[in-house]
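How does the following fold in three dimensions:
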Amino acid sequence: MLKDIRKQRNIPVWLESAVFYQIYPQSFQDSNNDGIGDIKGIIRRLDYLLSLGINTIWLTPCFVSPFQDGGYDIADYYKIAPRYGTNADLILLCKKAHECGIKIFLDLVPGHTSIEHPWFKMSGQPRRNKYSDRFIWTSGIFDRGDGSLNFIQGYAPRNGNYATNFFYCQPALNYGFAKPDPKKSWQQPMDAPGPIANRRELIKIMSYWLDRGVDGFRVDMAFSLVKNDPSHRETISLWRDIFLEIRPLYPEAVFISEWGNPKEAIAAGFDIDFVLPFGFGGYNDLILNKKSFFRRYGGISINNFLKFYLKHAAPVEGKGLISVPSSNHDIKRLYSDGRMVRDLKVIFTFLLTWPGVPFIYQGEEIGMRYIKGLPSKEGGYERTGARTPMQWDDGPNAGFSKAERNLLYLPIDPRPNRPTVQSQENDPESLLTHVKKLMVLRKSHRALQATGSLNPVYTPKSSGQFAYVREYKEERFLIVLNPSAASSKIYLNGIKTDDKSLKLGWGVSASVTERGCVIRLHGVSYGVFKL
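Numbers count the residues shown, from 1 in each chain. Predicted structure coming up:
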């Protein structure tokens, strides 16, 4: 059982009921009819997010970039990309959002820049300068490193090859090596001038945007900064040092890591880490795989996910939180591989009654589809199908933009019955309505929020059902899920509940027995009972 952790740590009060909404800015709302979403478009849709129950927005990178990897290749950390607007627009978004009670988070990319960044261009010059050691270069053009990193050969005038973090266009910033090889002069220690300068710059970037109204950051590849650091011990130490400087200045700021190992991430000083398709595992067996728990046919037991989750949740009790996201811009949407709307309702019932902080990717609340076969856009490759424009209404371009169709950032879902916000807002049976009901339920009851205790009470080894209790003080809820197409009946000892206690559900009924209760579940059903 996971205990309530509020007593053990001063977690910001607002995180208790926080629900994040991830926005991919270029595909959310276009305000100037150029076919690309922008910041003014986000401002225009704040009322919608407020009606949904969102209180925190995370924007994927919106800085100046050549967009060879969707903006994760930054050319200026201090300037908003013109296609999204201006710095003043971002400041206005923060102001308008705060007036609505919504916080704004930016995506921070500390590990690499774009090859178009002035720092890198200077670093690639043959004559030494103050940027020469800000990136990782081998000692000569024929020195291809030691195999631990990827290097690009023959790109710049400098006599050396540069290390990358992902694509060739993303040169790795130099934060030093955990154990530099003395025979390889290019492996600098963490306290060398180049790594120290990068630390100082990172703090400066964070302060710049926090001073302008941003409430925190989601940090890309947070685990990757120090090289040759398999245990991440030195990377953890680096982040601790950074937070020792930044947190006293911004005590209400929150920092979220893309780490995939909560024990390490929280030890580094982050407030939240994700369950991701990489890292400590579990997400694939829960949602992503074609044979995961949330599948009508061929689904596996929840235990594959649960053993990972409980193992990694226990060490961070009282220290930080874990998020299980609906999906994101890098993976398939929930509506893929044969899932239907009711499957999504079961998944959202889980996501919005589970401990930690929920993250909803734009469009998941209406069941937007992952579009197969799209040509790669801005380095998206197979991820491109999860980045298509938000579907607002039945008008031209689904209300995303008034631009000509050929100018759109990506094509709209071509189906005539594609889901839209407009078609679902007043439909009592829609996915959007279901999500809104869950949001109200979560925000109304502390037991269902971030730090209420978790007690799995039904976790069979071979079937697709799952039941768990969330509790805070005297308040208790029982959540039962059956993502399988098969009907089932489960017996719970020590828990007394019946249909009168059902707060939200479909296809479930409960009756009291001598020892507890029996829950009957139709195929693909869910229920939230107030105990």
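
Please state the backbone phi and psi of residue 350?
Per-residue torsions, residue 350: phi -70, psi -50 (degrees, to the nearest 10).

Tell me how far it lies from residue 286.
9 Å (Cβ to Cβ, to the nearest Å). C-betas here are computed from N, CA, C, even on glycine.

again, but for residue 154
44 Å.

For the two, work out which one has more neighbours and name it.
Taking other Cβ atoms under 10 Å, residue 154 and residue 286 do not tie; residue 286 has more neighbours (22 against 6).

That one contacts residue 300, doesn't it?
No. Contact status for residue 286 versus residue 300: not in contact, 9.4 Å apart, counting by Cβ atoms under 8 Å.

between the two, what contacts are shared?
Residues touching both residue 286 and residue 300 (Cβ atoms under 8 Å, 6 or more residues apart in numbering): 292, 293.

residue boundaries of the helices in this protein?
Under the criterion DSSP state H, the chain contains helices at 39-44, 46-52, 87-99, 118-123, 193-210, 233-246, 262-267, 283, 303-313, 341-351, 421-425, 431-444.

re the thing from before, which neighbours do residue 350 and residue 286 share?
Residues touching both residue 350 and residue 286 (Cβ under 8 Å, 6+ apart): residue 294.

What strands flank the longest strand seen in the chain, and is each parallel or antiparallel?
Across the chain, the longest stretch assigned as strand under DSSP state E is strand 516-530. Strands that pair with strand 516-530, judged by DSSP bridges, come out as strand 475-482 (antiparallel), strand 488-493 (antiparallel), strand 502-512 (antiparallel).

Of all the residues in it, which ones are buried?
By neighbour count on 16 or more other Cβ atoms under 10 Å, the buried set for strand 516-530 is 517, 519, 520, 521, 524, 525, 526, 527, 528, 529, 530.

quick one: the last one and residue 195, what's the gap?
Looking back up the chat, that one is residue 530. To residue 195, residue 530 is 54 Å away according to Cβ to Cβ.

Let me know the distance separating the residue nearest to residue 177 when sequence neighbours are not counted from residue 384.
Excluding the flanking residues, the one nearest residue 177 by Cβ to Cβ, 6 or more residues apart in numbering is residue 187, at 4.4 Å. The gap separating residue 187 from residue 384 is 36 Å, by Cβ to Cβ.

Show me which of these two is the more surrounded one.
When residue 187 and residue 384 are compared for neighbours, residue 187 comes out ahead with 24 against 21, by other Cβ under 10 Å.

give the contact list for residue 495.
Neighbour list for residue 495: 457, 469, 478, 516, 517, 531 [criterion: Cβ under 8 Å, 6+ apart].

and those as a markdown table, adding pLDDT and distance to residue 191?
Below are these laid out as a markdown table (pLDDT from 0 to 100; distance: Cβ to Cβ, whole Å):
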| residue | pLDDT | distance to residue 191 |
| --- | --- | --- |
| 457 | 96 | 51 |
| 469 | 98 | 50 |
| 478 | 98 | 54 |
| 516 | 93 | 60 |
| 517 | 95 | 61 |
| 531 | 95 | 55 |
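
could the residues you listed go into TSV alongside distance to residue 116?
Output for these, formatted as TSV (distance: Cβ to Cβ, whole Å):
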residue	distance to residue 116
457	54
469	53
478	54
516	63
517	62
531	57
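
closest to residue 395 among these?
residue 478 (42.8 Å; Cβ to Cβ).

So in terms of bridging, what pairs with that closest one?
Beta-bridge partners for residue 478, by DSSP bridges, are residue 469, residue 529.

Against residue 528, how distant is it?
Noted for residue 478: a distance of 8 Å to residue 528, by Cβ to Cβ.

And for residue 493?
Going from residue 493 to residue 528 by Cβ to Cβ gives 20 Å.

Give me the neighbour count for the residue nearest to residue 146 when sequence neighbours are not counted.
In this structure, residue 146 finds its nearest non-sequential neighbour in residue 184, 6.5 Å apart by Cβ to Cβ, 6+ apart. Residue 184 has 14 neighbours, counted by other Cβ under 10 Å.

Once you drop chain neighbours, what's closest to residue 322?
residue 356 (4.4 Å).

what residues are up against that neighbour?
272, 321, 322, 323, 324, 450.

repeat that for 10 Å
Residues near residue 356 by Cβ atoms under 10 Å, 6 or more residues apart in numbering: 2, 15, 18, 262, 272-275, 309, 313, 316, 320-324, 449-451, 454.

Selecting buried members of the residues you listed in PyMOL, what would you type?
Entered in PyMOL, the line below selects the buried ones among the contacts of residue 356, by 16+ other Cβ under 10 Å:
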select buried, resi 2+15+18+262+272+273+274+275+309+313+316+320+321+322+323+324+449+450+451+454
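
just for the stretch 201-350 of the chain, where's the confidence low?
Low-confidence segments of the stretch 201-350 of the chain (pLDDT under 70): none present.

run the last query once more with 90
In the predicted model of the stretch 201-350 of the chain, residues 276-282, 317-318 satisfy pLDDT under 90.

Could you dump the helices of the chain into CSV with distance to residue 78 added?
Output for the helices of the chain, formatted as CSV (distance: least, Cβ to Cβ, whole Å):
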stretch, distance to residue 78
helix 39-44, 16
helix 46-52, 25
helix 87-99, 8
helix 118-123, 11
helix 193-210, 6
helix 233-246, 17
helix 262-267, 26
helix 283, 34
helix 303-313, 36
helix 341-351, 35
helix 421-425, 34
helix 431-444, 35
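
how about those, which one is nearest residue 508?
Using Cβ to Cβ, those put helix 341-351 closest to residue 508, at 10.6 Å.

what's the angle from the closest one to strand 516-530?
Relative orientation of helix 341-351 and strand 516-530, computed by axes from the mean of the first three to the mean of the last three Cα atoms, to 10 degrees: 90 degrees.

Counting by contacts, list what helix 341-351 packs against.
Helices and strands touching helix 341-351, by 3 or more Cβ pairs under 10 Å, 6 or more residues apart in numbering; DSSP states H and E, are strand 359-361, helix 431-444, strand 466-472, strand 475-482, strand 502-512, strand 516-530.

and these as TSV, adding distance to residue 23?
Converted to TSV, the helices and strands packed on helix 341-351 look like this (distance: least, Cβ to Cβ, whole Å):
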stretch	distance to residue 23
strand 359-361	9
helix 431-444	16
strand 466-472	28
strand 475-482	28
strand 502-512	27
strand 516-530	27
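
The ones you listed: which one's closest to residue 72?
Set against residue 72 and scored by Cβ to Cβ, these come closest in strand 359-361, at 16.2 Å.

pLDDT below threshold where in the stretch 401-531 of the chain?
For the stretch 401-531 of the chain, the stretches with pLDDT under 90 are 416, 461-464.

rerun at 80
Residues of the stretch 401-531 of the chain meeting the criterion pLDDT under 80: 463.

Spatially nearest residue to residue 297, not counting backbone neighbours?
Leaving aside its sequence neighbours, residue 297 sits nearest to residue 485 (Cβ to Cβ, 6+ apart; 6.0 Å).

Next up, the contacts around the one you found.
Neighbours of residue 485 in contact, by Cβ under 10 Å, 6+ apart: 295, 296, 297, 298, 299, 343, 464, 522, 523, 524.

In the sheet, which residues pair with residue 106? Tell me.
Residue 106 forms beta bridges with residue 59, residue 217, as assigned by DSSP bridges.

Was I right to think it contacts residue 215?
Yes. The criterion here is Cβ atoms under 10 Å, and residue 106 meets it with residue 215 at 9.1 Å.

Need the overlap of contacts for the two.
By Cβ under 10 Å, 6+ apart, residue 106 and residue 215 have these common neighbours: 57, 94, 209.
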